[in-house]
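*Asks:* Sequence first, predicted model second:
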Amino acid sequence: MELFIKGINIDWSKISERSYLRGIEAVSKINELSFEKPVTFFVGENGSGKSTILEAIAVAYGFNPEGGTKNYSFSTFDSHSELCDALRLIRGYSKPGWGYSLRAESFYNVATAEDEYSRGPGGRPQHFHERSHGESFLAMAQSNFRGNGIYLLDEPEAALSPQRQLTLLLEIERCTREGSQFIIVSHSPILLGFPGAEILSFDEGYVHTLEYEETESYQVTKMFLENRDQMLSHLLQE
């Protein structure tokens, strides 16, 4: 399929020499980054820059920094970096019919906005705050995921049980069959197992592709499940 976002360029002349962005090793080496598959995962250790890049893509595309659709304009804390002003999207020829940005860390704010907007003419209140965190997160995704859309998700597994992560994986698969594109930051060995996904690692100081079995999420989880007693004994003795 023709991707809606085929890649990004970063013009570093627009970023201050004193910016913290230059201190994020993998990010500082990105001049151009291409996406090849309908589902792209960003993986890497905390602080490696993957969420920073995803947030800049979202803002450059026109999404609210905290999440939601392109029509959302609320802000509880203006924390996004100057990277969005230096980042240029490489767009495909076709335009999506819909889109949504969803971040685990600002989900409460998006849920509040969703409830407020849904009270308007023709709206259908979802009452997200009356459900558990995981239930409301999945319900929001299911109510906003559709075909021919672009979706940017930051650690969606944070609110979800393993079973609900499988449900989300099925929703992603359904949407990609209908022409949607996803760019996702994740540590989940369940979500990262999505068939045919492109996995871009921000570890080791540069962005590079990995196979599923090469990801740290898979390797550490597999090691723990197969050697739980030995690993716990070693860690607790330390």
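*Replies:* Sure thing, it's come through.
*Asks:* roughly how far is the helix or strand residue 234 falls within from the heart of the chain?
*Replies:* Using DSSP states H and E, residue 234 maps to helix 228-237. Distance of helix 228-237 from the chain centroid (C-alpha atoms, centre = their mean, to the nearest Å) equals 32 Å.
*Asks:* Pull the number of nearby residues for the closest residue to residue 224 other than its chain neighbours.
*Replies:* Ranked by C-beta to C-beta, 6 or more residues apart in numbering and with sequence neighbours excluded, the top spatial neighbour of residue 224 is residue 231, at 5.7 Å. C-beta here means a position set from N, CA and C on the backbone, and glycine is covered the same way. By other C-beta atoms under 10 Å, the residues close to residue 231 number 14.
*Asks:* is it true that residue 231 touches residue 221?
*Replies:* No - taking contacts as C-beta atoms under 8 Å, residue 231 lies outside contact range of residue 221: 11.3 Å.
*Asks:* Select the helix or strand of the protein having the lowest average pLDDT value.
*Replies:* In the chain, the helix or strand scored least confidently by mean pLDDT, DSSP states H and E is helix 107-118, which has a mean of 53.
*Asks:* From the contact counts, what lies against the next helix or strand after it?
*Replies:* Per DSSP H and E, the first helix or strand lying C-terminal to helix 107-118 is helix 133-144. Here helix 133-144 touches strand 98-103, helix 107-118, helix 162-177, going by 3 or more C-beta pairs under 8 Å, 6 or more residues apart in numbering; DSSP states H and E.
*Asks:* If we use 10 Å, what do you get?
*Replies:* strand 98-103, helix 107-118, strand 149-154, helix 162-177 (3 or more C-beta pairs under 10 Å, 6 or more residues apart in numbering; DSSP states H and E).
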